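structure, please.
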Amino acid sequence: MESWKSHVRACLFQRDCTQQDPFSGVFNTLSKLTERFDLRETFWDEVQRTSFKGDGAMTVDNRALQLQLIESEHITEKLSQTVSDLTTVLYLKDAELQYCHSQVSRFRKEAVTHAREANILQVTLLECEFALENLSKELAVRQLNQQKLSEELAVARREKDEFLERWMEEKKDEAERVNRHNDTQERWYRFTRRLNKHLRREMLRPVEQTNGHAGHVLLGPHPPGDSPT
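Residues are numbered from 1 along each chain as shown. A predicted model of the protein is given here:
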């Protein structure tokens, strides 16, 4: 008993897995049977009314044949409508298929164009990478040269500062020499003025030896480095 239940349970589980809606087939069959029953009932009523309006001598077989004929005509009409609908759907599907083919062709062309553009971009990217690598090497060389120039500039500035310091010291020494020379000249000039003044006073005094030394005027000694005028 338990094995039978397990078998039924497994079958139901398999049916539920294979069918999206487990009862869709049953409902479709029931709907078709209901529609067919309604149609047969309608056709049977029409056959009955026709037989009552006639001579009333129609047998059951004739009624069944007439019913089948009416059902066949209805089925034929329905099939014709179905064929017409299917033809319309076929035309629509054909147009949709042609549109899909045109879209596929367009997409294929776009894909080829994009592939070419991608190849061009890839080549451009490789060229840019090569140029970037060259620029990086050139930048490294320029940085090295700049470092060397910076070191040389620092040495030149240091030498300039040292030279400027020596020049300032030399100028300072020269200025001190010039100042000492000027002081010496100034003292010598004062000394000669006093000496000339003293000599003029001596010449104005009546001295007996003046006649013997007439015409000789002593202007005083010359400063060092100057020639007599």
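
for the record, mean pLDDT for stretch 124-137?
For stretch 124-137, mean pLDDT is 95.

how many other residues sit next to Glu71?
The number of residues packed near Glu71 is 14, by other Cβ atoms under 10 Å. Using the backbone N, CA and C atoms, a C-beta is placed for each residue, glycine as well.

okay, and it sits in which element?
Element membership of Glu71, judged by DSSP states H and E, is helix 60-204.

figure out how far that helix is from the centre of its chain.
The chain centroid and the centroid of helix 60-204 are separated by 11 Å under Cα atoms, centre = their mean, to the nearest Å.

confidence score at Ser27?
Rather than Ser, residue 27 is Phe. For Phe27, the pLDDT comes out at 65.

sorry, that was for Leu199
84.

same check on Thr210?
Per-residue pLDDT puts Thr210 at 51.

for the helix holding Glu71, which helices and strands make contact with it?
Judged by 3 or more Cβ pairs under 8 Å, 6 or more residues apart in numbering; DSSP states H and E, helix 60-204 is in contact with helix 24-53.

could you report the neighbour count for Glu35?
Residues contacting Glu35 under the criterion other Cβ under 10 Å number 10.

low-confidence regions, this protein specifically.
Within the chain, the ranges that satisfy pLDDT under 70 run 1-5, 15-28, 39-40, 43-64, 67, 206-229.

how about 80 then?
Scanning the chain for pLDDT under 80 picks out the ranges 1-75, 205-229.

in it, which residue is closest to the centre?
Here the mean C-alpha position of the chain is nearest to the C-alpha of Leu125 (Cα atoms, centre = their mean), at a distance of 13.8 Å.

what's the spacing between Met168 and Leu92?
105 Å (Cβ to Cβ, to the nearest Å).

likewise for Lys160?
Distance, Lys160 to Leu92, using Cβ to Cβ: 94 Å.

could you do Cys100 as well?
Here Cys100 is placed at a distance of 12 Å from Leu92 (Cβ to Cβ).

cool, Glu152 as well?
If you go by Cβ to Cβ, the gap between Glu152 and Leu92 works out to 86 Å.

got it, and Leu144?
From Leu144 over to Leu92 (counting by Cβ to Cβ), the distance is 75 Å.
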